[in-house]
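Participant: Curious how this folds, go ahead:
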Amino acid sequence: MSQSVATASGAAMPETTAPARGRMSPALLMGALGVVYGDIGTSPLYAYKEAVKAAGNGTATPLAVTGAVSLIFWALILIVSLKYAILILRADNRGEGGIVAMLALLGARQARPKTPQALLLVVGLVGAALLYGDGAITPAISVLSAVEGLKIDAPSLGHYVVPITLVILVGLFAVQFQGVARIGRIFGPVMLLWFVALALLGLGSILHEPRILQGLNPLRAVDYLFHAGWGISFAMLGAAFLAVTGGEAMYADLGHFGARPIRAAWFALVLPALVLNYFGQGALLLAEPDAIENPFFRLAPDWAHIPLVGLATLATIIASQAIISGVFSLTQQAIQLGFLPTMRIVQTAHDERGQIYVPAVNWLLAIATLVAVVVFGSSDALAGAYGIAVSMLMAITTLLAALIALKWGYNPIAVVAVNGFFLAIDLIFFGANSVKILEGGWFPLVLAGIVAVMMLTWRKGNMLVEEARVNLRQPEDAFLEGLSHQRLTRLPGTAAFLSAAIHGIPLHLSRFVERSHALHERVLIVTALYEETPTVPLEERAEVSMIAPNFYRVVLRYGFMEDASIPEGIACAVRDGRLPPQCVEDVTVFIGHETVIPKNDQRGMAIWRENLFAFMQRNAERTGAFFGVPTRQVVEVGTEIEI
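Facilitator: Presented below is the predicted three-dimensional model:
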């Protein structure tokens, strides 16, 4: 079936549907706290201590303490507040956000090989693939950093941190089939409590050591970076970037909550809480440099350590749940876009759109996350693997936002100046994170590379298959002319032949007639298309044209946030009077089952990519199941296609 554009949005929003544009409500604000800010909200567990350690070779010198807190503060202001909250949130595709929504706005769907748009499409797909690498690292480093708080009061438990983390993560992935709605009710309230705790912990420490407020001066960060030497400066920049990872969720979850609730939650609560906590950790290190091993938990009094570990663990589980749900959403939309093979997708809530479970992706992501925990073993070691994927994604987002602004007619000088400024910051952070490739940065890049190769191979393979179909597909006139010279047995009922094209006769229809010398009383050629809009009104769902008496072509259009259903689309056409009522009675759906034969020639892909495509095609979800057709109504007609 023809696939079009989807958005790479993040986690499915619990307990609510997509908001009306510009709407503000307490429920949306609470939902944004639980989903949008789960990742960035747990960064204080590890980001600041890594920045100070990187600068001071494991010790907390006063200059490193104030330089790191100043750098983190201004990174939050420039990257998250100005770039994402003010600028990037404007680049929405009818209310939806994400890398692929940007590609839709730029018309990259129509990209032809060896054109600038094709290169743009590759860049966008790499950005989408990077989210998979981020999805494997985020749960690992978040839960590890929370469980490591046990070592504050019980150092002997240090050997149990990794096993406890593995048990928590296995449990988290094991319950995904139940859906996010069951635990979604506690997302917002727990994160509200978490951010209040962050603020109170930091505020108390700042009052005891107000010298840390010198970090509000950006010259503190600039002066330290210029005088520390490029090695230490790059190390601090790479570690400080951990404080803004998760900021990209603002744009990814735009369609779930809307820009106003996301901005309001950020400026009213999340940003102040994060700033107070980071400055509080800095104040603690000025007074007690030996607290560098875990300044976050040392902010709390002794009696509060265990409760804080419990709250931190809940917060990191929520952050992990958000990224896992986001990967599910991205996978579904990549399938609709035509960049991944069809997979089994389970709707976990009948009354909420976007709450899904993808079994294959869940367990592949679980394996990658558990491997990361075992291989790296601590949040300190994982910090080297974290950040490079997100920094590259942020740079790609800034570049695409600039192209969208130019397309919308903004002043080119202003676009280059503003986006060039933010792109320079992104590239500085990317360069700083790049030096960590050998320390673990290779891990998310390898995962992203695998996903990107699969996406590009699947897209290219489908293009080759469609080229082969075009050469084999009969024109409508020729097919109808052939029918007039045959004595066909007319079968009762309606036959719906699914087609990837809106012209010509599907191969399996001509093969069926050729081999059976029969045809049903009513014939539908059905094509499902995904449009570059989030949803399509029901009255615009079906477009019907009559090819011959009782012979119809039906084009069904769906938004990239919708699930295509062939039975629903046909029923919609009947309800609108575009098809006779008999077309929903006794329908048999014919699907072409194509076996791809790799062929080693220069017209296609490299032979290993053709074999990879054939493997993915053989293991893809059944087309009928993907388009909501009951198994008892499906008939598959096989054919072989060489690529």
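Participant: all strands in the chain, in order from the N-terminus.
Facilitator: In the chain, the segments counted as strands under DSSP state E are 346-347, 356-357, 489-498, 518-530, 542-548, 551-558, 587-597, 634-642.
Participant: Mean pLDDT, distance to E610 and mean neighbour count for those strands - can I get that in JSON lines?
Facilitator: Placement of C-beta: from N, CA and C, glycine included. Conversion of the strands of the chain to JSON lines gives the following (pLDDT from 0 to 100; distance: least, Cβ to Cβ, whole Å; neighbours: other Cβ atoms under 10 Å):
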{"stretch": "strand 346-347", "mean pLDDT": "78", "distance to E610": "31", "mean neighbour count": "14"}
{"stretch": "strand 356-357", "mean pLDDT": "80", "distance to E610": "31", "mean neighbour count": "20"}
{"stretch": "strand 489-498", "mean pLDDT": "92", "distance to E610": "24", "mean neighbour count": "17"}
{"stretch": "strand 518-530", "mean pLDDT": "92", "distance to E610": "26", "mean neighbour count": "21"}
{"stretch": "strand 542-548", "mean pLDDT": "93", "distance to E610": "35", "mean neighbour count": "15"}
{"stretch": "strand 551-558", "mean pLDDT": "93", "distance to E610": "30", "mean neighbour count": "21"}
{"stretch": "strand 587-597", "mean pLDDT": "87", "distance to E610": "8", "mean neighbour count": "19"}
{"stretch": "strand 634-642", "mean pLDDT": "83", "distance to E610": "10", "mean neighbour count": "15"}
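Participant: Nearest approach to I306 belongs to which of those strands?
Facilitator: With Cβ to Cβ, the closest approach to I306 among those belongs to strand 356-357: 33.1 Å.
Participant: What are the buried residues along stretch 190-207?
Facilitator: Using 16 or more other Cβ atoms under 10 Å as the test for burial, stretch 190-207 gives 190-192, 194-195, 197-206.
Participant: Helices along the stretch 51-200 of the chain, start to end?
Facilitator: 62-75, 99-105, 116-147, 150-153, 161-174, 181-184, 187-208 (DSSP state H, counting those that start in this stretch).
Participant: chain center to the first one, what's the gap?
Facilitator: Relative to its chain's centre, helix 62-75 lies at 31 Å (Cα atoms, centre = their mean, to the nearest Å).
Participant: could you dump that helix to CSV, C-alpha only?
Facilitator: C-alpha atoms of helix 62-75 as CSV (Å, rounded to 0.1, in the frame of the first residue of the first chain):
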residue,chain,number,x,y,z
PRO,A,62,35.5,26.5,43.1
LEU,A,63,36.2,27.7,39.5
ALA,A,64,34.8,24.5,38.1
VAL,A,65,31.8,24.6,40.3
THR,A,66,30.7,28.1,39.3
GLY,A,67,31.8,27.6,35.7
ALA,A,68,29.7,24.4,35.3
VAL,A,69,26.6,25.9,36.9
SER,A,70,26.8,29.0,34.7
LEU,A,71,27.3,26.9,31.6
ILE,A,72,24.3,24.7,32.5
PHE,A,73,22.1,27.7,33.3
TRP,A,74,22.8,29.5,30.0
ALA,A,75,22.4,26.2,28.1
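Participant: What helices and strands are in contact with it?
Facilitator: helix 47-56, helix 218-227, helix 230-240, helix 271-287 (3 or more Cβ pairs under 8 Å, 6 or more residues apart in numbering; DSSP states H and E).
Participant: quick check: angle from it to helix 271-287?
Facilitator: Note on geometry: by axes from the mean of the first three to the mean of the last three Cα atoms, to 10 degrees, helix 62-75 and helix 271-287 are set 170 degrees apart in direction.
Participant: rewinding a little: compare the helices of the stretch 51-200 of the chain and give me the one nearest Q347.
Facilitator: helix 181-184 (10.9 Å).
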